[in-house]
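> The following block contains a protein sequence and its predicted model.
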Amino acid sequence: MGVALRDIVVRIQHTALSHAVSESNHLVIAGLQVLHVFGFLLLLASLTLMSLRLLGLVLTEHTVPRVVREPARLMRAGLTLAVTSGVLIFLSGPEHYYDNGAFDVKMLLLLAALTVQATLYRRVAAAEHASPILARATATVSLLLWFGVGIAGRAIGFV
Amino acid sequence: MSVLTELAERLQDSQIGDAIAESRYLFPIFEGTHLLSLSFSVGLIILTDLRLMGLILRHVPVTEVLRQLRPYALGGFVVVFLSGGLVFWSEAATVMASPLWTIKMVLVALGGLNALYFELVIAKRADLDGNPEVLPRSVKCAGLASMSIWMLVIICGRLLAYIPRWGG
């Protein structure tokens, strides 16, 4: 499977879009990096606010569903921005990223974080009276996974 | 400027500055911490700004949002400043060569002053405990100013590596 995946990456590298991004002005890549950081920080900040509520640390006089409704939307907007810019950054050097160990870790953590977000987190955040223990555990796991994505992402530049 | 440059060079060439720059782990750890703690500091501030502008959490009184998020935002800022200081120690002269560093520091100072002015003047003068759905213009403007300033700080920070010199 490793070989097949690598073949795909090499093919992506030879697409017109990949060529266009990799040959663009270095300020285009810089702009994409700015958007990537913006998107990811919006995602993390919204997640932090929602999680602080699930942990019972802030705004406890308001129900969870009311507090998380708008931050959840902001988090999705941040995710969209981060993924879109991230895909374009990846296209600037598919093989370079594919061969980077930290990139693999980042993608695995991203997959795990998205799975938790779409299943457990969504259900707990929609409940008026979720079990406090479940709410705290979900918030903690989700925070660890998403901050892990960020750490692995930052590590890409240093590996 | 030349006195500052000289000081920056001494800082960067100091034992600690050298140790951070040369270490395989210290520099990435400090830089990563600097970036990710922005989600608590600048991130929670921007969410508060959105509340001040009446765009999110309209049913929650502004004073409640300010009071309850403040300790986490301030804690985030402590970590951002400490980790940022350590990163700066190892590359002071290098980053000061970029125009973006100066702009970033001016903006950080503006962001701090804006927050102080809001807390000490605008928030005291405005009726924040009244109807949470209706906010005075001054409060909305403070939120917009704060959000704009901090977003520009992040842009400058991320672009530092891409624009290393004046005119280049």
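Everything's here; your move.
> For stretch A:130-145, what is the distance to the chain centroid?
How far stretch A:130-145 lies from its chain's middle: 18 Å, per Cα atoms, centre = their mean, to the nearest Å.
> Give the full set of residues in contact with the nearest residue to residue A:40 once chain neighbours are set aside.
Closest residue in space to residue A:40, ignoring its immediate chain neighbours: residue A:82 at 4.6 Å, by Cβ to Cβ, 6 or more residues apart in numbering or on different chains. Every C-beta, even on glycine, is put in place using the N, C-alpha and C of the backbone. By Cβ atoms under 8 Å, 6 or more residues apart in numbering or on different chains, the residues touching residue A:82 are A:36, A:39, A:40, A:43.
> so residue A:82, which of the three states?
Here residue A:82 is helix, with the state taken from DSSP: H, G, I helix; E, B strand; the rest coil.
> tell me the pLDDT at it?
Per-residue confidence (pLDDT) for residue A:82: 98.
> Identify all contacting residues around the least confident helix or strand in chain A by mean pLDDT.
Least confident helix or strand of chain A, by mean pLDDT, DSSP states H and E, is helix A:2-13 with a mean of 87. Outside helix A:2-13, the residues that touch it by Cβ under 8 Å, 6+ apart are A:18, A:91, A:93, A:94, A:95, A:98.
> Does anything pack onto whatever helix or strand the fifth one lives in? Which helices or strands?
Under the criterion of DSSP states H and E, residue A:95 resides in helix A:94-98. Where contact means 3 or more Cβ pairs under 8 Å, 6 or more residues apart in numbering or on different chains; DSSP states H and E, helix A:94-98 is packed against helix A:2-13.
> What residues of the helix holding residue A:95 count as buried?
A:94, A:97, A:98 (16 or more other Cβ atoms under 10 Å in any protein chain shown).
> Out of those, which is nearest to residue B:31?
Closest to residue B:31 out of these is residue A:97 (19.2 Å), distances taken as Cβ to Cβ.
> how about the nearest residue to the closest one, chain neighbours excluded?
Spatially, and ignoring its direct neighbours in sequence, residue A:97 is nearest to residue A:103 (4.7 Å; Cβ to Cβ, 6+ apart).
> ok, now which ones touch that neighbour?
If a contact means Cβ under 8 Å, 6+ apart, then residue A:103 has A:97, A:152, A:156 as its contacts.
> residues near the nearest residue to the second one once chain neighbours are set aside, how many?
I take that to be residue A:152. Spatial nearest neighbour of residue A:152, chain neighbours left out: residue A:106 (3.8 Å); criterion: Cβ to Cβ, 6+ apart. Using other Cβ atoms under 10 Å in any protein chain shown, residue A:106 has 22 other residues around it.
> measure residue A:106 to residue A:93 for me?
15 Å (Cβ to Cβ, to the nearest Å).
> hmm, back to that, grab the CA positions of the helix holding residue A:95 and hand them over as CSV.
Output in CSV follows, covering the C-alpha atoms of helix A:94-98 (Å, rounded to 0.1, in the frame of the first residue of the first chain):
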residue,chain,number,x,y,z
PRO,A,94,3.6,16.5,-2.7
GLU,A,95,6.7,14.3,-2.5
HIS,A,96,8.4,16.6,-0.1
TYR,A,97,5.5,16.4,2.3
TYR,A,98,4.8,12.7,1.7
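> Any idea how many residues pack against whatever residue of chain B ends up closest to chain A?
Using Cβ to the nearest Cβ, residue B:43 is the residue of chain B that sits closest to chain A, at 2.6 Å. By the criterion of other Cβ under 10 Å, residue B:43 has 27 neighbours.
> Return the list of helices and strands in contact with whatever helix or strand it lives in.
Secondary-structure assignment from DSSP H and E places residue B:43 in helix B:41-52. Contact partners of helix B:41-52 among helices and strands, from 3+ Cβ pairs under 8 Å, 6+ apart: helix A:26-54, helix A:64-91, helix B:62-96, helix B:137-159.
> okay, those helices, which one's buried deepest?
Most buried of these by mean neighbour count (mean count of other Cβ atoms under 10 Å in any protein chain shown) is helix A:26-54; its value is a mean of 21.
> What ranges in chain A fall below the confidence cut-off?
Residues of chain A meeting the criterion pLDDT under 70: A:1-2.
> Apart from its chain neighbours, what residue comes closest to residue 143?
As the question left the chain open, I've gone with chain A. residue A:51 (5.2 Å).
> meant chain B, my bad for not saying
Closest residue to residue B:143 apart from its sequence neighbours, by Cβ to Cβ, 6+ apart: residue B:52 at 3.0 Å.
> need the contact list for that neighbour.
By Cβ under 8 Å, 6+ apart, the contact list for residue B:52 reads B:62, B:135, B:139, B:140, B:142, B:143, B:146.
> Spit out the contact partners of residue B:97.
B:164, B:165, B:166.
> Neighbours of the last one, how many?
Residue neighbour count, defined by other Cβ under 10 Å, stands at 10 for residue B:166.
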